[in-house]
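Visitor: Give me the fold of what follows.
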Amino acid sequence: MSFMDKAKQFLDKHDDKVDQAIEKVGDEVDKRTGHKHSAQIDKAVNEAQKRTGQGDTQQ
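Guide: Numbers count the residues shown, from 1 in each chain. As a prediction, this is how the structure comes out:
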């Protein structure tokens, strides 16, 4: 089993935790940039969450 297969398996198994981590990272980046790029950061977070399976369900 390759590394990528293991990573995909982990993402599938822990999708909710991965999405929470992505959200926290996006919030921290937004904070550190002084909220100047909030729309772009939100879009990137939503796209990353879609790729892990959940997507944006809150906005």
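Visitor: When you work out contacts or count neighbours from here on, use the C-alpha atoms and nothing else.
Guide: Fine.
Visitor: Excluding chain neighbours, what is closest to His37?
Guide: Nearest residue to His37 in three dimensions, chain neighbours excluded: Asp30, at 6.7 Å (C-alpha to C-alpha, 6 or more residues apart in numbering).
Visitor: So which residue is dead centre in this protein?
Guide: For the chain, the residue sitting closest to the mean C-alpha position, by C-alpha atoms, centre = their mean, is Ile22 at 3.0 Å.
Visitor: returning to what we had before: pretty sure Ala39 is one of the things the residue nearest to His37 touches, is it not?
Guide: No: using C-alpha atoms under 8 Å, Asp30 is not in contact with Ala39, being 9.3 Å away.
Visitor: Between the two, which is the more surrounded one?
Guide: Set side by side, Asp30 and Ala39 show more neighbours around Asp30, with 18 against 11, by other C-alpha atoms under 10 Å.
Visitor: mind listing what the more buried one touches?
Guide: If a contact means C-alpha atoms under 8 Å, 6 or more residues apart in numbering, then Asp30 has 36-38, 41 as its contacts.
Visitor: that older thread, tell me which helix or strand the residue nearest to His37 sits in.
Guide: The secondary structure element spanning Asp30 is helix 15-32 (assigned by DSSP states H and E).
Visitor: dump the residue contacts of the residue nearest to the centre of the chain.
Guide: By C-alpha under 8 Å, 6+ apart, the residues touching Ile22 are 45, 48-49.
Visitor: give me the number of residues near Met1?
Guide: For Met1, the count of nearby residues is 5 (other C-alpha under 10 Å).
Visitor: The one 4 residues further on too?
Guide: Burial measure for Asp5: 10 neighbouring residues, criterion other C-alpha under 10 Å.
Visitor: where's it relative to Lys13, distance?
Guide: For Asp5, the distance to Lys13 (C-alpha to C-alpha, to the nearest Å) stands at 12 Å.
Visitor: hey, C-alpha coordinates of stretch 7-19 in CSV?
Guide: Presented in CSV, the C-alpha positions along stretch 7-19 are these (Å, rounded to 0.1, in the frame of the first residue of the first chain):
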residue,chain,number,x,y,z
ALA,A,7,-3.4,9.1,3.2
LYS,A,8,-6.7,8.6,1.3
GLN,A,9,-7.8,5.9,3.7
PHE,A,10,-7.0,8.2,6.7
LEU,A,11,-9.0,11.1,5.1
ASP,A,12,-12.0,8.8,4.5
LYS,A,13,-11.9,7.4,8.0
HIS,A,14,-11.5,10.8,9.8
ASP,A,15,-13.2,13.2,7.4
ASP,A,16,-14.9,15.2,10.1
LYS,A,17,-11.6,15.8,12.0
VAL,A,18,-9.8,16.7,8.8
ASP,A,19,-12.5,19.3,7.9
